[in-house]
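1. Here's a sequence, model it:
(chains A and B)
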Amino acid sequence: MAETHSLQDMRQQPAVAAKVFIQRDYTKGTVCQFQTKFPSELETRIDKQQFEETVQTLNNLYAEAEKLGSQSYIEGCLACLTAYTIFLCMETHYEKVLKNIAKYIQEQNDKIYAPRGLLLTDPIERGLRVIEVTIFEDRS
Amino acid sequence: MMKNCEYQQIDPRALSVSPSSAQNHTEKKVQRSRRKWEVFPGKNRFYCDGRIILARQSGVLPLTLGLIVVTCGLFFAFDCPFLVEHLTVFIPVIGGVLCVFVLISLLRTSFTDPGILPRATPDEAADIEKQIDTSGSSTYRPPPRTKEILINQQVVKLKYCFTCKMFRPPRTSHCSLCDNCVERFDHHCPWVGNCVGKRNYRFFYSFIISLSFLTSFIFGCVITHLTLRSQEGKNLVQAIQESPASVVELVICFFSIWSIMGLSGFHTYLVASNLTTNEDIKGSWSSKRCAEDSGNPYSYNSIITNCCATLCGPMPPSLIDRRGFLPFDEAIPAASASEMELPRFAAKNDAHMCTQSTKDVLERVVNSFDSHGLCPPGTPKTTPLGLEVSSMAAPSTEPSPSVGCSGQHALQPVAAPCPPFSRSSKRRDSLHSFNPAFRLASPSPPLSRTTLILDDATDVGFIPLP
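-> Down below sits the predicted model:
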């Protein structure tokens, strides 16, 4: 039965020891940036530089998504001329960058964070408010 | 232990156990998967399986649509034939293009997510609470629930939203009509039946600009029409009698022009200075900062850049992921009660919660008594309760499914293994307020709760059928 299956799954999953939330950094305005300050709970788990590099890369990717450049202007004007119906068929630049971000986070999780018992949650799943870092119990 | 549950007597017909044993498990899986819009906590309505979002109160959107359609209809039917004859065929063409543009912009404004921020997950809320408590403990006053940050060297206060359980990002405001925090909140427009925020401001702006053009165009054409008619040897009264619809159009356009043009002008000013209606009305960056001419930290200090940023900037995605599926293994968080729920919604969930727990009990007992599994459960117990809302729209009208398969079972489920519960139970509230995006790795509280019920239920006992 489905219920017992999920129960067994739960027993096998490592228990969550804590969750750390990296909040947004609003010093540059409303653009999506996260604080690069290294949280103390992760000191024992991961290298400070590694973590800061991850967050900085994410910040750069988000800045790229929200950049006011010629591409975004062309997209905006084209959309206006077609009465915004073009958004129904075309993927926006922002969405393309979000896909890259998802891939990057997956990659980072696989290579760096999962071996250390950590898990990064894509900020888009939290409404771009926080980067949630789940710390699993160290069973080694 | 049962005292804590505080359940109410449930009707056995309300239990949505599978009516026929022929239904297979794959169908069950499809039934179980629900989209996130179905459990959205704000006061919004969704259509087309989550593709279209509207505020719960549609306001006067039907009136707006009606006025536009009626005016344009009258224009094309009564004024265009005359004007095509006497002037040019481009008049209905221009009118048509403007009308289509207005309607599309209006519908995009109404049906687009304005930039709703999903509510904080219970873990996040707990984390923020911890931080507030530790920082505010130095003085005896309760923490003020505001946070000051620096944006472009200017101090901005962020307020804590008690409904969404988070510190609102700058320029975000909580709309009480929609019960959501909206990014770059401009205002809640009853004419379009939705909030105007970051994601649909450009649609709103193009709507009012194109509507100004449309109303001026129709007004001008109608005046021309009546003038030309009265010049053909008749006086004005006769011209009006020949074309009464024109007067209707004139009246509508006359009153619309003043308001729409005024609104367009106001919003053009807002766009040029990168302000929102909300900020302008509150005077957030007004002359109280007398040193600088513009205290607005978000302004690019260039009209063109401000316009481009607001209207032609990148289109941010919707953060609420309406059409995403809720994962099966999602557990229900125990924390954070939501006080903003409507009683009707709460009532449904009361029944669901009790139903769910009862079903859990029944499943376990049925399994343990090895009854051939002919009465499979409607949903897995770890599925959030709110998922049942849409399928349980009218629990009383469902045929008595649990009784239906009773003939083949060794057990007849008892109607109410749980004692009655009151509406005011806080613990009940906590079970049906959750963020769809939330994932918990830890076991869900209902599991522990069902364990409790099970212990008591076995004491209560089930009545086996012969």
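2. Can you pull out the low-pLDDT segments for chain A?
-> Low-confidence segments of chain A (pLDDT under 70): A:1-13, A:139-140.
3. and residue B:23, what pLDDT?
-> With respect to pLDDT, residue B:23 scores 46.
4. Kindly report the same for residue B:202.
-> 91.
5. Only C-alpha atoms, please: export the helix or strand hosting residue B:149 in PDB.
-> Element membership for residue B:149 (DSSP states H and E) is strand B:146-151. Listed next in PDB are the C-alpha coordinates belonging to strand B:146-151 (Å, rounded to 0.1, in the frame of the first residue of the first chain):
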ATOM      1  CA  THR B 146      10.300  46.200  11.700                       C
ATOM      2  CA  LYS B 147      13.700  45.900  10.300                       C
ATOM      3  CA  GLU B 148      15.800  48.700   9.000                       C
ATOM      4  CA  ILE B 149      18.100  48.200   6.000                       C
ATOM      5  CA  LEU B 150      20.200  50.400   3.800                       C
ATOM      6  CA  ILE B 151      19.200  50.600   0.200                       C
END
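6. how about low-confidence regions in the stretch 301-450 of chain B?
-> Looking at the stretch 301-450 of chain B by pLDDT under 70, you get B:327-450.
7. Swap in 50 and give it another go.
-> Within the stretch 301-450 of chain B, the ranges that satisfy pLDDT under 50 run B:330-357, B:370-450.
8. residue in it nearest to chain A?
-> Nearest residue of the stretch 301-450 of chain B to chain A: residue B:312, at 2.9 Å (CB to the nearest CB). Using the backbone N, CA and C atoms, a C-beta is placed for each residue, glycine as well.
9. Parallel or antiparallel, list what pairs with the strand holding residue B:149.
-> Sheet partners assigned to strand B:146-151 using DSSP bridges are listed as strand B:154-161 (antiparallel).
10. who's in contact with residue 52?
-> This is for chain A. A:36, A:38 (CB atoms under 8 Å, 6 or more residues apart in numbering or on different chains).
11. that's the wrong chain, I meant chain B
-> Residues in contact with residue B:52 (CB under 8 Å, 6+ apart) are B:46, B:111.
12. related to what we said a few turns ago, correct me, but the residue of the stretch 301-450 of chain B closest to chain A touches residue A:71?
-> No. Counting by CB atoms under 8 Å, residue A:71 is not a contact partner of residue B:312; they are 10.8 Å apart.
13. So which of these two has more stuff around it?
-> The neighbour comparison of residue B:312 against residue A:71 (other CB atoms under 10 Å in any protein chain shown) goes to residue B:312, with 19 against 11.
14. If you drop the residues flanking it in sequence, what lies closest to that one?
-> residue A:76 (2.9 Å; CB to CB, 6 or more residues apart in numbering or on different chains).
15. Can you tell me how far the residue of the stretch 301-450 of chain B closest to chain A is from residue B:303?
-> Distance from residue B:312 to residue B:303, counting by CB to CB, to the nearest Å: 14 Å.
16. do the same with residue B:222
-> On the measure of CB to CB, residue B:222 and residue B:303 end up 35 Å apart.
17. How about residue A:53?
-> Plainly put, residue A:53 is 39 Å away from residue B:303 if you go by CB to CB.
18. And for residue B:176?
-> Taken as CB to CB, the span from residue B:176 to residue B:303 is 33 Å.
19. And the host helix or strand of residue B:308, what's buried?
-> Taking DSSP H and E as the definition, one finds residue B:308 inside helix B:303-312. Judged by neighbour count (16 or more other CB atoms under 10 Å in any protein chain shown), helix B:303-312 contains these buried residues: B:306-312.
20. returning to what we had before: host element of the residue nearest to residue B:312?
-> Going by DSSP H and E, residue A:76 is in helix A:70-81.
21. and that helix, what does it pack onto?
-> The contact analysis (3 or more CB pairs under 8 Å, 6 or more residues apart in numbering or on different chains; DSSP states H and E) places helix A:70-81 against helix A:93-108, helix B:201-231, helix B:303-312.
22. mind running it again at 6 Å?
-> helix B:303-312 (3 or more CB pairs under 6 Å, 6 or more residues apart in numbering or on different chains; DSSP states H and E).
23. residues in contact with the helix it packs on?
-> Contacts to helix B:303-312, defined as CB atoms under 6 Å, 6 or more residues apart in numbering or on different chains, come from residues A:68, A:73, A:76-77, B:202, B:271-272, B:274, B:300.
24. Taking helix B:201-231 as reference, get the angle to that helix.
-> 100 degrees (axes from the mean of the first three to the mean of the last three CA atoms, to 10 degrees).
25. Helices along chain A, start to end?
-> Ranges of helices in chain A, per DSSP state H, are A:2-12, A:48-65, A:70-81, A:93-108.
26. burial of the nearest residue to residue A:102 once chain neighbours are set aside, as a residue count?
-> Closest residue in space to residue A:102, ignoring its immediate chain neighbours: residue A:122 at 5.6 Å, by CB to CB, 6+ apart. Neighbour count of residue A:122, defined by other CB under 10 Å: 17.
27. Quick check: which element contains residue B:109?
-> Using DSSP H and E, residue B:109 falls within helix B:90-111.
28. Spell out whether that helix and chain A are in contact.
-> Yes. Judged by CB under 6 Å from any CB of the partner chain, helix B:90-111 comes into contact with chain A through B:101, B:104, B:108.
29. which parts of the stretch 151-300 of chain B sit against chain A?
-> Close to chain A, as judged by CB under 6 Å from any CB, the stretch 151-300 of chain B has residues B:151, B:170-171, B:298.
30. make it 7 Å
-> Within the stretch 151-300 of chain B, the residues that sit near chain A (CB under 7 Å from any CB of the partner chain) are B:151-152, B:166, B:169-171, B:203, B:206, B:297-298.
31. Provide the backbone phi and psi angles at the residue nearest the centre of chain A.
-> For chain A, residue A:122 is the residue whose C-alpha lies nearest the centre (CA atoms, centre = their mean; 3.0 Å). The phi/psi pair for residue A:122 (degrees, to the nearest 10) reads phi -60, psi 130.
32. And the one 5 residues further on, by the same measure?
-> Listed backbone geometry of residue A:127 is phi 70, psi 30, with angles given as degrees, to the nearest 10.
33. and the gap between it and chain B?
-> 4 Å (CB to the nearest CB, to the nearest Å).
34. my guess is that residue meets residue B:118, correct?
-> Yes. Residue A:127 lies in contact with residue B:118 (CB atoms under 7 Å); the separation is 4.1 Å.
35. Find residues that contact each of these two.
-> residue B:319 (CB atoms under 7 Å, 6 or more residues apart in numbering or on different chains).
36. In chain A, what residue lies closest to chain B?
-> Sorted by distance to chain B under CB to the nearest CB, the residues of chain A start with residue A:76, at 2.9 Å.
37. So the very next helix or strand once past the helix holding residue B:109, near chain A or not?
-> Next in sequence after helix B:90-111, counting helices and strands by DSSP H and E, comes strand B:116-117. Yes. Shown here: strand B:116-117 in contact with chain A (CB under 7 Å from any CB) through residue B:117.
38. Alright, that wraps it up for me.
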